[in-house]
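Enquirer: 3D, please:
(2 chains)
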Amino acid sequence: DAGITQSPRHKVTETGTPVTLRCHQTENHRYMYWYRQDPGHGLRLIHYSYGVKDTDKGEVSDGYSVSRSKTEDFLLTLESATSSQTSVYFCAISVDRSDIQYFGAGTRLSVL
Amino acid sequence: AQSVTQLDSQVPVFEEAPVELRCNYSSSVSVYLFWYVQYPNQGLQLLLKYLSGSTLVKGINGFEAEFNKSQTSFHLRKPSVHISDTAEYFCAVSTSFRGGSEKLVFGKGTKLTVNP
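Expert: Numbering: from 1, shown residues only, chains lettered A, B, ... in the order given. Coordinates of the predicted model:
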């Protein structure tokens, strides 16, 4: 699993509440990614990071923000959760200057 | 922009039969191509990759894929499947972004079900 830990693994929350998902890596890789997986859509990139405090938007970034204050942690925040954000969220890391991404086990989020 | 089309959303096969999962991509530049596998309730695991060189790529668990530039395809094959191959398979293409590494664009996935 390339030393990737996602927390929490499962979360149920209510519409309008803030939610933060954490991705932690143990190997100091520079590149980190957040995806969401939905039936019929595959994986879609939300945000990515190429270093501490260096982040950028992916294709489905609306309603999400990220922060990376330390190399090992990449946080995904839903400022005000909506039912459309019910999904499985995956974090991934990329070995420096490599094209291969390694994925965490995922966080299943339900917004009621 | 890069895009990936997986032509079959579901593929049912019998155990020990051959299987082909189809993937086409669109790109105006050179690409790197990947197949990932996702077993139930797990994350994605790299199955194989094409970066350069031989167009026939071998991966884990007996899978292989062939890069065909003229047909912009990267189909995944296995000559004889097992029950344990039941999973969802994702084709992906890499595209570059500022910062020096690559980000992936995924297809929508193909669910392979192997029946006894």
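Enquirer: C-alpha from now on. contacts and neighbour counts both.
Expert: Will do.
Enquirer: Which residue is the nearest non-sequential neighbour of the residue in chain A that chain B sits nearest to?
Expert: Distances from chain A to chain B, computed as Cα to the nearest Cα, single out A:Gly42 as the nearest residue at 3.8 Å. Closest residue to A:Gly42 apart from its sequence neighbours, by Cα to Cα, 6 or more residues apart in numbering or on different chains: B:Lys108 at 3.8 Å.
Enquirer: Quick check: the residue of chain A closest to chain B touching B:Gly109?
Expert: Yes. Counting by Cα atoms under 8 Å, A:Gly42 sits close enough to B:Gly109 to count as a contact (5.6 Å).
Enquirer: shared neighbours of these two, anything?
Expert: Contact criterion Cα atoms under 8 Å, 6 or more residues apart in numbering or on different chains; residues bridging A:Gly42 and B:Gly109 by contacting each: B:Phe90.
Enquirer: With neighbour numbers in mind, choose between these two.
Expert: Per other Cα atoms under 10 Å in any protein chain shown, whichever of A:Gly42 and B:Gly109 has more neighbours is B:Gly109, with 29 against 19.
Enquirer: Next to chain B, which bits of chain A? Give me the list.
Expert: On the criterion Cα under 8 Å from any Cα of the partner chain, chain B has as its neighbours in chain A the residues A:31, A:40-45, A:50, A:90, A:96-106.
Enquirer: Just the ones in strands from the residues you listed, please.
Expert: If you go by DSSP state E, the residues of chain A next to chain B have A:31, A:42-45, A:50, A:90, A:101-103 in strands.
Enquirer: Any stretches of chain B with poor pLDDT?
Expert: Residues of chain B that meet the criterion pLDDT under 70 lie in B:28, B:95-102.
Enquirer: let me redo that: chain A
Expert: In the prediction, chain A carries residues with pLDDT under 70 at positions A:1-2, A:96-99.
Enquirer: Report the central residue of it.
Expert: Centroid-nearest residue in chain A, with Cα atoms, centre = their mean: A:Trp34, separated by 3.0 Å.
Enquirer: do the same with chain B
Expert: Note: chain B centre (Cα atoms, centre = their mean) maps to B:Trp35, 3.0 Å.
Enquirer: hmm, who's touching the helix or strand hosting that residue?
Expert: For B:Trp35, the host element (DSSP states H and E) is strand B:33-38. The list of residues contacting strand B:33-38 from outside it, by Cα under 8 Å, 6+ apart, reads B:44-51, B:74, B:76, B:87-94.
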